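1. Requesting a structural model of the entry that follows:
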Amino acid sequence: MQFQRITLPSDADEWLWNAELQASGGATLVLSDAPPLGYHFYMERLVDGGRLELLPGRSVPVSDGHQRLRFRLTNQSLGWDVRDIAPAVTQLLPIYPNPVNPETWIPFTLLEAGQVDISIQDVVGRHVRRLSLEMLPAGRYSEKARAGYWDGRNETGEFVASGAYFIVFQTEEYHQTRRVLLLK
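-> Predicted coordinates:
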């Protein structure tokens, strides 16, 4: 499926396109052009209402089989609602906010179900705090309610000093570290 760049009237708030897609064998969808300034482009599944904002250059996996989709170009930010849209990879996403003051959310995606461990270390590698999220199903953990959460405290519940820290994200098959700056 390919859409061509189109010119839209400047006085409209929203455009909708319904589409049917037959996908197999790891199909992906990529938005190659940015939406017009001030607009957002979404893919919505008509079966269950799942919605995902499409960003230029970001690859979005499409489930195998027949899909009924709606593409929405709107000047309203509808937010991310990624119910049951499987991620293409396991990865630690950018941590927000960063700098931390004093709490932060640690978003990630899981390609497969598994044990997730997140640890916080200081700049010399000393253990500060461990967040065990235990066994989780495959999926996206990018919303505040589902992402890892660090409140700026160590294992004993004391607030840690301002400075640089490392968030270490680990599953059985994957390991990644991101630096955060804690400012009070």
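
2. Gly50 against Tyr42, yeah?
-> No - applying CB atoms under 8 Å as the test, Gly50 and Tyr42 come out as separate, 10.4 Å apart. C-beta here means a position set from N, CA and C on the backbone, and glycine is covered the same way.

3. more neighbours, these two?
-> Neighbours were counted for Gly50 and for Tyr42 using other CB atoms under 10 Å; Tyr42 has more, 21 against 15.

4. With adjacent residues omitted, what lies nearest to the more buried one?
-> Excluding the flanking residues, the one nearest Tyr42 by CB to CB, 6 or more residues apart in numbering is Arg72, at 4.4 Å.

5. May I have the secondary structure class of the one you found?
-> At Arg72 the chain is in strand, as set by DSSP: H, G, I helix; E, B strand; the rest coil.

6. list the contacts for it?
-> Counting by CB atoms under 8 Å, 6 or more residues apart in numbering, Arg72 makes contact with Glu14, Trp15, Leu16, Phe41, Tyr42, Glu44, Leu78.

7. Let me know the helix or strand that the second one is in.
-> Counting by DSSP states H and E, the element that carries Trp15 is strand 14-23.

8. Tell me which other helices or strands that strand touches.
-> In terms of contacts (3 or more CB pairs under 8 Å, 6 or more residues apart in numbering; DSSP states H and E), strand 14-23 is packed against strand 65-74.

9. Mean pLDDT per helix and strand in the protein: which one sits at the bottom?
-> Every helix and strand of the chain was ranked by mean pLDDT, DSSP states H and E. The lowest is strand 59-61, at a mean of 76.

10. That one - contacts with which helices or strands?
-> strand 28-30.

11. can you give me how far the helix or strand that the strand it packs on is followed by is from the chain middle?
-> Under the assignment DSSP H and E, the closest C-terminal helix or strand after strand 28-30 is strand 40-45. From the chain centre to the centre of strand 40-45 is a distance of 15 Å (CA atoms, centre = their mean, to the nearest Å).

12. where in the protein is pLDDT low?
-> 1-12, 26, 47-49, 79-88 (pLDDT under 70).

13. give me that answer again for 80
-> 1-13, 23-29, 44-51, 57-67, 76-89, 132, 134, 140, 142-145 (pLDDT under 80).
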